[in-house]
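> Have a look at this prediction, sequence included:
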Amino acid sequence: MIALTDDRGRLLWVSAARAGRTSEITACRHDKLTDRLRAAGLGAIADLGFVGLDDSSPDADPAVITGYKAARNRPLTRGQKLSNKALAAVRAPVEHGFAHLKNWRVLGKVRTDPKWATALVRALLVLTNREVSR
């Protein structure tokens with residue numbers, strides 16, 4: 001399941017639930033997330049699990065910004081490390097938003113049809129936003 005938050009960590013959108021074996025990047029590609037972000041004039045900052053999601057041309061503004069991954073034979077440069085650190089600082093409130101949603105214990109016990117799981121998670125999204133905004 002993919003979720004989007006604003007810059008303060010408030011949950012805005014949750015994707016449809018999929019089977020547990022579906023990777024996050026595959027779910028984003030299936031939902032055409034980058035096309036939808038571009039159409040809305042928005043962008044997203046994502047973790048390293050989404051590297052390669054935005055395969056747009058180098059001239060286009062990126063819809064999804066990710067950090068840099070190190071490889072065994074190619075360590076990160078000082079600039080890449082600083083960039084990753086800056087992105088992590090911006091993502092901290094986002095992770096707090098995800099944590100609020102994960103506080104619902106029922107999510108750890110969901111063993112049902114993805115259609116029903118989607119309805120449950122979207123209802124919890126509304127309840128979470130109501131709880132957090134108090």
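Everything's here; your move. Numbers count the residues shown, from 1 in each chain.
> now the helices for the protein?
For the chain, helices defined by DSSP state H occupy the ranges 24-30, 33-40, 78-102, 114-132.
> who does the last one touch, helix- and strand-wise?
If you count contacts as 3 or more CB pairs under 8 Å, 6 or more residues apart in numbering; DSSP states H and E, helix 114-132 packs onto strand 11-14, helix 78-102. For glycine as for every other residue, the C-beta is placed from the backbone atoms N, C-alpha and C.
> for the longest one, packing partners?
With contacts taken as 3+ CB pairs under 8 Å, 6+ apart, helix 78-102 sits against strand 3-5, strand 11-14, strand 44-45, helix 114-132.
> lowest-confidence stretch among the helices and strands packed on helix 114-132?
The stretch with the lowest mean pLDDT among those is strand 11-14, at a mean of 83.
> Now it: buried residues?
Neighbour-count burial for strand 11-14, counted by 16 or more other CB atoms under 10 Å, picks out 11, 14.
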